[in-house]
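*Asks:* predicted model and sequence follow; I will ask about them next.
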Amino acid sequence: MKILLEGDSGKALCEHCQAVVPTHYVRRDVPFSDGQGMAKDILVGVCTRCDGVVAIPPQSTPAIREARKQQLKSIEARSGGCR
């Protein structure tokens with residue numbers, strides 16, 4: 001597994017631009033696809049054309065997993081219900 005660092009560059013397919021685009025890696029807060037919470041300060045590949053997130057390196061997976069676990073705990077704690 002190649003370890004990427006903030007400032008590294010590469011190429012990826014951008015869904016928004018519909019093209020293979022140059023990317024650069026930065027730290028960002030990224031919302032989960034279901035809209036429930038976000039992973040904060042993770043390394044992601046960003047399209048240099050539209051500034052959208054186009055890649056998530058494998059080294060960011062543990063931070064995403066932990067953020068998701070914390071989000072699920074928060075949801076469970078709030079599901080008290082009416083009496």
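*Replies:* Thanks, I have the structure now. Numbers count the residues shown, from 1 in each chain.

*Asks:* now the helices: where do they sit in the chain?
*Replies:* Secondary structure of the chain (DSSP state H): helices located at 61-78.

*Asks:* okay, and the helix or strand of it with the least pLDDT?
*Replies:* Averaged element by element with mean pLDDT, DSSP states H and E, the chain has its least confident helix or strand at helix 61-78 (a mean of 80).

*Asks:* packing partners for it?
*Replies:* Contacts defined by 3 or more Cβ pairs under 8 Å, 6 or more residues apart in numbering; DSSP states H and E place helix 61-78 against strand 38-47. Any C-beta I mention is one placed from the backbone N, CA and C, and that applies to glycine too.

*Asks:* buried stuff in the strand it packs on?
*Replies:* By neighbour count on 16 or more other Cβ atoms under 10 Å, the buried set for strand 38-47 is Ala39, Ile42, Leu43, Val44, Gly45, Val46, Cys47.

*Asks:* not counting sequence-adjacent ones, nearest residue to the third one?
*Replies:* Looking back up the chat, that one is Leu43. Sequence neighbours aside, Ser60 is the residue nearest to Leu43 in space, at 5.1 Å (criterion: Cβ to Cβ, 6 or more residues apart in numbering).
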